[in-house]
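Undergrad: Pasting the sequence and the predicted coordinates here, then a few questions.
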Amino acid sequence: MTKSKGPETLGFQTEVRQLLKLMIHSLYSNKEIFLRELISNASDAADRLRFEAIESPELLGDDPDLGIRIEYSGDDKTITVMDNGIGMSRDELIDNLGTIARSGTADFLQHMTGDEQKDAQLIGQFGVGFYSSFIVADRVIVETRRAGLKDGEAVRWESDGQGEFTIETIERSERGTRVTLHLKEGETEFAEAFRIESLIRKYSDHIGFPVTVAAAGASDDDKVVNSATALWTRSRSDVSDDEYKEFYKQVSHDFSDPLCWSHNHVEGKRDYTSLLYIPSTQPFDLWNREAPRGLKFYVKRVFIMDDAEQFLPLYLRFVKGVIDSSDLPLNISREMLQQNAELTAMRSALTRRTLDMLKKLAKKESADYAAFWENFGTVFKEGLVEDHSNKDKIAKLLRFASTQDSSGKQTQTLDDYLSRMTDGQEKIYYLLADNYATAAASPHLEQLRDKGIEVLLLTDPIDSWVVEHLMEFDGKAFADIAREQLSLPDSDGEITRDASNEEHKPLLKKIKKVLKDRVEAVNVSRRLVDSPACVVSAADELAPQIRRMLEASGQSVPATKPILEINIGHPLVERLSGEKDDTRFNEVSNILLDHALLAEGSQLENPAAYVRRMNQLLLEIGSD
Ligand code: ADP
């Protein structure tokens with residue numbers, strides 16, 4: 001450890017500087033939250049000490065009662081938050097209060113818009129923590145001594161939140177941390193007992209340690225302001241919705257209210273309490289595989305670890321909350337958790353609980369469920385691959401865009417779809433596309449639209465796996481309408497390879513000859529109404545959307561050629577059929593294919609050739 005006696009001046013990491021600037025501006029109207037953040041840090045510090053003391057009881061020394069004390073001074077314009085928790089060493093202090101450890105922070109900060117309300121939302125879900133002190137303070141001093149270190153190894157940190165901080169080794173006889181805020185002009189309300197106490201009751205009542213408030217320098221017999229019992233240990237009927245919401249904000253570091261929660265005590269063979277929340281906003285690092293996830297884990301009310309990811313499957317990684325077990329050993333480690341047999345049973349129970357909570361939400365609050373789906377639907381769908389045992393429950397919770405609803409939003413359930421199936425319809429039809437606009441305008445839909453048959457429009461990259469793993473729903477198989485073989489109700493069997501193929505053989509052969517390097521086959525289509533042509537793939541081929549995705553991720557995919565289908569009654573095809581000029585026949589055939597490819601979202605292999613042909617054709621129109 002580096003040690004120096006005199007104060008040393010260090011610069012904040014660039015991200016911290018940016019965060020400080022943005023935060024002070026965008027969170028000003030929520031400025032009081034700084035106290036919640038500091039108390040939450042103090043409570044975490046006490047939790048951590050209690051945990052380390054399981055192995056090393058001597059860390060508690062002659063100060064075993066953990067608590068949080070708040071002192072204020074109207075004269076000095078200060079508020080001080082003190083804890084006798086774990087404290088920080090010099091190196092920890094420099095790391096914790098000089099940098100932001102979360103990866104992706106720089107990217108996140110780029111998303112700031114300058115719109116105060118939007119930014120407040122964004123920055124709130126990021127979790128601002130200690131740095132929020134600078135919303136109300138122009139000078140902050142942290143004095144801390146890590147449990148187990150000597151009095152002379154304490155450290156003092158000071159900053160005006162502008163760009164630098166100083167750090168200095170000091171003597172300190174108390175263990176833990178003391179954070180003093182020198183309040184800005186106009187913020188002295190936070191140095192008043194009444195204001196402080198009401199904030200504690202509002203935000204920090206559920207903290208599991210006593211929080212006391214006193215005027216600076218007053219004696220020790222001050223009163224405990226909060227109820228100081230961990231919220232999840234109380235019975236459901238004793239906890240108000242507001243308390244549940246505040247507790248969520250503490251465990252999740254999120255500013256917004258959760259969508260819903262589920263609080264349960266399980267007794268019997270296994271004894272544990274769970275409090276699970278569904279957030280209403282998407283964390284900025286949802287797609288970062290290394291981002292911390294999981295539940296806060298306690299054993300008999302002793303905090304064991306943050307981000308215990310073993311209690312829920314990966315597809316439920318957005319769930320926040322607390323698990324408190326009465327059976328698991330206090331000294332359990334991450335690795336031991338992984339192998340613990342009890343855990344498998346708890347994990348499946350908690351998974352079911354989460355799915356039930358979502359089911360309830362879907363039934364009761366459809367707007368909230370829509371918010372859930374918008375934020376987490378894509379993650380949730382991974383469950384079909386990851387959690388086969390709950391396939392049916394998951395399937396009922398899925399939401400899709402469909403031809404039924406022109407909003408393009410994913411709002412339709414599979415049950416909705418079944419209820420609208422036409423007479424004789426045996427399949428659930430779907431179309432894969434890169435985005436909703438491409439899907440909704442696809443030529444593949446024409447015949448089905450005419451017949452009044454609904455089609456699910458699947459545009460998330462994961463969707464092809466979704467249908468593959470579902471296979472069927474309520475006995476109805478899924479059918480991709482961009483496949484060569486497609487049977488529709490009331491049609492005379494398979495749409496392709498029917499008599500009309502035979503009837504138009506000379507034309508088909510002629511087109512095939514021209515396009516022989518570009519298509520597998522040319523067939524007469526019965527799925528088209530308004531468009532002259534479309535491309536489809538054989539039943540066992542990769543869908544073109546998947547092919548593009550794999551190629552984009554650098555994987556080599558075996559080359560295949562699409563099947564071209566032409567709409568025999570379309571005037572363009574009729575004209576082609578009567579075309580005597582071989583060159584013109586060749587050009588128009590190629591353009592038909594190019595247009596069919598473009599319509600499904602494919603890129604042309606030779607766009608320049610297409611442009612040349614098109615230009616030529618346009619010139620000919622002009623000269624006719
Ligand atoms: P967060 O609490 O979200 O991690 P903060 O910026 O509030 O972010 O704090 C950064 C880190 O500083 C914490 O993770 C913790 O390790 C440390 N820290 C903050 N306050 C205290 C405290 N009172 N006692 C001990 N460590 C603390």
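TA: In hand now; what should we look at? Numbering: from 1, shown residues only.
Undergrad: Quick check: phi and psi at Tyr272.
TA: phi -160, psi 160 (degrees, to the nearest 10).
Undergrad: next one: phi and psi at the spatially closest residue to it that is not a sequence neighbour?
TA: Leaving aside its sequence neighbours, Tyr272 sits nearest to Ser325 (Cβ to Cβ, 6 or more residues apart in numbering; 4.3 Å). In short, each C-beta sits where N, CA and C put it, glycine included. The phi/psi pair for Ser325 (degrees, to the nearest 10) reads phi -100, psi 140.
Undergrad: Quick check: residues of the chain near the ligand?
TA: When proximity is defined as Cβ under 6 Å from any ligand atom, the chain approaches the ligand at 37, 41-42, 45, 83, 85-88, 96-97, 127, 129-131, 177, 253.
Undergrad: let's see it at 8 Å
TA: 37-38, 40-42, 44-45, 48, 81, 83, 85-88, 92-93, 96-97, 100-101, 127-131, 142, 144, 176-177, 179, 253 (Cβ under 8 Å from any ligand atom).
Undergrad: List only buried entries from those.
TA: 37-38, 40-42, 44-45, 48, 81, 83, 85-88, 93, 96-97, 100, 127-131, 142, 144, 176-177, 179, 253 (16 or more other Cβ atoms under 10 Å).
Undergrad: Which residues are in contact with whichever residue of the chain sits closest to the ligand?
TA: Distances between the chain and the ligand by Cβ to the nearest ligand atom are smallest at Gly129, namely 2.3 Å. When contacts are counted by Cβ atoms under 8 Å, 6 or more residues apart in numbering, Gly129 is found next to Glu37, Ser40, Asn41, His253.
Undergrad: Swap in 10 Å and give it another go.
TA: By Cβ atoms under 10 Å, 6 or more residues apart in numbering, Gly129 lies in contact with Leu19, Phe34, Glu37, Leu38, Ser40, Asn41, Asp44, Asn96, Leu97, Ile100, His253.
Undergrad: which residues of the stretch 151-300 of the chain score low on pLDDT?
TA: Applying pLDDT under 70 to the stretch 151-300 of the chain flags residues 220-221.
Undergrad: just the strands in it please.
TA: Taking DSSP state E, counting those that start in this stretch, the strands of the stretch 151-300 of the chain run over residues 154-159, 164-170, 176-183, 211-215, 260-266, 272-278, 295-299.
Undergrad: Quick one: neighbours of the residue nearest to Tyr272, just the number.
TA: As a burial measure, Ser325 scores 23 neighbours (other Cβ atoms under 10 Å).
Undergrad: Repeat that for Asp254.
TA: Residues lying near Asp254 (other Cβ under 10 Å) number 21.
Undergrad: ok, now Phe194?
TA: Here the count is done by other Cβ under 10 Å, and Phe194 has 9 residues near it.
Undergrad: same deal with Lys516?
TA: 11.
Undergrad: Tell me if I'm right that it and Lys561 touch.
TA: Yes: Lys516 is in contact with Lys561 according to Cβ atoms under 10 Å; the separation is 9.3 Å.
Undergrad: what packs against the lowest-mean-pLDDT helix or strand in the chain?
TA: Least confident element among the helices and strands of the chain, by mean pLDDT, DSSP states H and E: helix 116-126 (a mean of 72). When contacts are defined as 3 or more Cβ pairs under 10 Å, 6 or more residues apart in numbering; DSSP states H and E, helix 116-126 sits against helix 14-26, helix 105-110.
Undergrad: now those in CSV, with mean neighbour count and distance to Met336?
TA: Shown next, in CSV, are these (neighbours: other Cβ atoms under 10 Å; distance: least, Cβ to Cβ, whole Å):
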stretch, mean neighbour count, distance to Met336
helix 14-26, 18, 35
helix 105-110, 15, 32
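Undergrad: can you tell me which of those helices the model trusts least?
TA: Mean pLDDT across the helices and strands packed on helix 116-126 is lowest at helix 105-110; the value there is a mean of 78.
Undergrad: circling back: go through the contacts of Gly129 and name the one nearest Arg236.
TA: Ranked by distance to Arg236 (Cβ to Cβ), the contacts of Gly129 are led by Ser40 at 23.1 Å.
Undergrad: Contact partners for the closest one?
TA: Shown in contact with Ser40 (Cβ under 10 Å, 6+ apart): Ile33, Ile68, Gly127, Gly129, Phe130, Tyr203, Ser204, Ile207, Lys249, Gln250, Val251, His253.
Undergrad: cutoff 7 Å now
TA: Applying Cβ atoms under 7 Å, 6 or more residues apart in numbering to Ser40 gives the contacts Gln250.
Undergrad: Shouldn't it be within a helix?
TA: Yes: judged by DSSP: H, G, I helix; E, B strand; the rest coil, Ser40 forms part of a helix.
Undergrad: Now do the same for it: its pLDDT.
TA: The model reports Ser40 with a pLDDT of 90.
Undergrad: ditto for the one 3 residues further on
TA: The pLDDT attached to Ser43 in the predicted structure is 94.
Undergrad: do you know how far it is from Asp257?
TA: Separation of Ser43 from Asp257 (Cβ to Cβ, to the nearest Å) stands at 21 Å.
Undergrad: Comparing those two, which shows the higher neighbour count?
TA: Between Ser43 and Asp257, Ser43 has the larger neighbour count (other Cβ under 10 Å), namely 24 against 17.
Undergrad: How about the contacts made by the closest residue to that one other than its chain neighbours?
TA: Leaving aside its sequence neighbours, Ser43 sits nearest to Ile207 (Cβ to Cβ, 6+ apart; 4.8 Å). For Ile207, the contact set (Cβ under 7 Å, 6+ apart) comprises Ile39, Ser43, Asn226, Ala228.
Undergrad: And the last one, its phi and psi?
TA: In other words, Ala228. The phi/psi pair for Ala228 (degrees, to the nearest 10) is phi 60, psi 30.
Undergrad: That one and Val302: what is the separation?
TA: From Ala228 across to Val302, the span is 15 Å (Cβ to Cβ).
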